[in-house]
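Student: pasting the sequence and the predicted model now:
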Amino acid sequence: MEATLEAVKRDGRGKNEARRLRVSGRVPAVVYGARKEGQAPEGVPVSVDPKEVLRILHSDSGANTLISLKFDGGESRVMVKEYQLDPVSHQLLHADFYQLAMDKAIVVTVPIVLHGEPKGVKLQGGVLDFVTRTIEVLSLPTDIPEHIDVDVTEMVLHQSIRLRDLPENPKWKYVSELETMLVHVVMPKVEEVATPAADAAAPAAGTAEPEVAKKGKTDKDEDEKKK
């Protein structure tokens, strides 16, 4: 997915400026240029519409969305680098973008999406354990996949799928360890529960001693009467 976002260059910094921007319906952001000769890129402070940024982040491609950022009379291709949300309201507080070199591959995190119901679950009473939900891939910005599809329909009990089991794609390369387990079908755990017979036996054993003691006391009383 691709999106368009407008940004306005800002001069002010600090908490007061950030508060003023949020009151006006915008949030502070920084656009970082491409890294050159091993030097960290300098950031350009801008402001953006938080609703538009959240719309991009909530899309299928999420933070991997390729964005055409328009600001200062120009346009550049960027992606979201980092963002900060309010822990209570979940409103966007700040965002960082980095410019892309369209001819250079980058490493991105991509979600795994499962399809189907395993035979090991449907017919053998197993449970599907989704172990690894995201992996890293190396890809050109225009070839970044929104997600990696994994079909689990034919999986039986005790069977697993690892990253090395997935088909290769000429548009990207897996960066994560190929032995990474993605999903497997296991037997459900059974918790030990006390049986009714055991529960019934417990009070019977507890009442045995009082009965014996009572009987012994009665025999002693009979002997005293005979004397």
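Tutor: Nice, I can see it. Numbers count the residues shown, from 1 in each chain.

Student: quick one: buried residues of stretch 73-83?
Tutor: S76, R77, V78, M79, V80, Y83 (16 or more other C-beta atoms under 10 Å). All C-beta spots, glycine's among them, are computed from the backbone N, C-alpha and C.

Student: what does that stretch contact?
Tutor: Outside stretch 73-83, the residues that touch it by C-beta atoms under 8 Å, 6 or more residues apart in numbering are 31-32, 53, 56-57, 63-69, 92, 94-100, 102, 141.

Student: got the domain ranges for the chain?
Tutor: 2-101, 107-186 (automatic domain parsing).

Student: skipping adjacent residues, who's closest to K171 in space?
Tutor: Excluding its sequence neighbours, the residue lying closest to K171 (C-beta to C-beta, 6 or more residues apart in numbering) is D143, at 4.1 Å.

Student: need phi/psi at that neighbour.
Tutor: Backbone torsions for D143, taken as degrees, to the nearest 10, come to phi -110, psi 10.

Student: neighbours of D11, how many?
Tutor: 6 (other C-beta atoms under 10 Å).

Student: distance check, it against V44.
Tutor: 11 Å (C-beta to C-beta, to the nearest Å).

Student: with K15 instead?
Tutor: 20 Å.

Student: who has more neighbours out of these two?
Tutor: Legend: neighbour count by other C-beta under 10 Å for K15 and V44, higher for V44 (17 against 8).

Student: centre of the chain to the helix or strand containing that one, how far?
Tutor: Using DSSP states H and E, V44 sits in strand 43-48. How far strand 43-48 lies from its chain's middle: 29 Å, per C-alpha atoms, centre = their mean, to the nearest Å.

Student: contacts for the following helix or strand past that strand, please.
Tutor: Using DSSP H and E, the helix or strand that follows strand 43-48 in sequence is helix 50-57. Under the criterion C-beta under 8 Å, 6+ apart, residues 3, 5-6, 25-27, 29, 62-63, 65, 67, 80, 83, 91-92, 95 lie in contact with helix 50-57.

Student: and those, which is closest to D165?
Tutor: Lowest distance from D165 to the contacts of helix 50-57 (C-beta to C-beta) belongs to G62, with 25.0 Å.
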